[in-house]
Structures are given as structure tokens and as C-alpha cells.
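Student: quick one: sequence plus predicted model below, questions after.
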Amino acid sequence: MRKKSMVLLVVMILLVTSTTVFAEGANVADKTNKNISVMSGMYEVEPNDTPAQAKQNNKLKANTQWKRGKLDRGYDSVDYYYYSHRNYGNIDVTLFNISTRGKVNIEIYRQNSNGTMIRVSGGISDGIQQVVTARNASEGDYFVKLSLLSSSWDQVSYDIKIDAR
């Protein structure tokens with residue numbers, strides 16, 4: 001009987017957790033007025049500490065998807081995300097739901113044809129929602145670099161999304 005109780009408890013915890021995640025995704029949809037894929041690919045995939053790892057593991061789709069990530073001092077203080085921009089226009093990177101009011105450096109890079117990374121925009125999140133825009137961005141491969149600032153907490157979780165127009 002005890003084993004059945006434990007199994008039932010685990011199933012209940014999993015059910016509550018998945019319901020909570022869906023509810024948080026609904027809040028994001030209300031903020032952005034976009035159709036967001038909540039469950040599919042929601043969390044960052046490690047490793048994503050370099051542009052090459054981001055291109056393989058953490059691709060973002062504009063206007064449809066957000067990801068939840070975490071920076072951790074001493075273990076994972078840098079995260080990269082990849083975005084393939086296929087038109088001319090602005091790219092908005094939004095960092096939101098930032099825990100502990102942590103300070104995060106946000107940089108957008110464009111990779112040119114010979115592989116060189118060129119910084120096109122940047123900003124610092126002060127622990128609340130922050131939008132960084134690459135204006136008049138041409139077609140190409142873009143990377144978002146997030147890094148934990150030294151004046152911040154030891155661990156910061158966040159949500160990130162990209163809008164292109």
C-alpha cells in the first residue's frame with residue numbers, strides 16, 4: 001500500500017508542475033499578444049556557453065517562442081542563443097521574469113560571412129523586463145549573449161524571446 005501512495009504522490013507532483021508551467025506560459029502570451037509554443041523546447045539546452053553550442057542547441061524562432069534559462073556564477077555565467085534573421089528589419093530581444101532582480105548583460109551579435117562576430121546592440125537588465133533592439137538588421141545569423149554581472153546574485157533565472165519586424 002505504501003508503494004502505491006508514493007507513486008500517486010509523484011504523479012500528482014508531475015501533474016501540478018506541468019499545469020504550473022502552462023499557466024506561466026499563458027501569462028507570457030498575455031504580455032506579448034503572440035501565439036507562443038509553451039511546452040515545446042521551453043528550456044534552454046546546455047551547453048550553450050559559446051555561439052557554436054547555441055547554434056546547435058538553442059535556436060530561437062521570432063514571434064512564436066520563448067525559452068527559460070538560468071545563469072549561475074562559477075558554473076554557467078554565460079548563455080548564448082541563436083537566431084536566423086531572414087528579412088530586413090528590427091530584432092527585439094526581451095528578457096523578462098528575471099529572478100532575484102539580477103543584473104544581466106544582454107548583447108546581440110551578427111556573424112558575418114567569414115565567421116567574425118560583430119556586436120550590433122546591447123544593454124543591461126536591472127532585474128526587471130528589458131528589451132534590447134538591433135535596428136535595421138540585415139538578413140543573417142545572430143547570437144544573443146547573456147552574462148551575469150559581478151554585482152548580481154549568484155544565480156539568476158530568466159525568460160527570453162525574440163520578436164522580428
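Tutor: Yes, it's here.
Student: contacts, neighbours, all on C-alpha from now
Tutor: OK.
Student: identify the residues contacting the residue positioned nearest the centre of the chain.
Tutor: Residue closest to the average C-alpha location in the chain (Cα atoms, centre = their mean): residue 160, at 3.1 Å. Counting by Cα atoms under 8 Å, 6 or more residues apart in numbering, residue 160 touches 66, 67, 68, 69, 93, 94, 95, 96.
Student: dump those into TSV; add pLDDT, distance to residue 141 and secondary structure as well.
Tutor: TSV is the format used below for the contacts of residue 160 (pLDDT from 0 to 100; distance: Cα to Cα, whole Å; DSSP: H, G, I helix; E, B strand; the rest coil):
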residue	pLDDT	distance to residue 141	secondary structure
66	83	18	strand
67	87	19	strand
68	88	21	strand
69	89	21	strand
93	94	14	strand
94	94	18	strand
95	93	20	strand
96	91	23	strand
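Student: counting neighbours, which of the residues you listed comes out on top?
Tutor: residue 66 (28 neighbours; other Cα atoms under 10 Å).
Student: nearest residue to it other than its sequence neighbours?
Tutor: The spatially closest residue to residue 66, leaving aside those adjacent along the chain, is residue 161, at 4.4 Å (Cα to Cα, 6 or more residues apart in numbering).
Student: surely that neighbour is within a strand?
Tutor: Yes. Assignment of residue 161 by DSSP: H, G, I helix; E, B strand; the rest coil places it within a strand.
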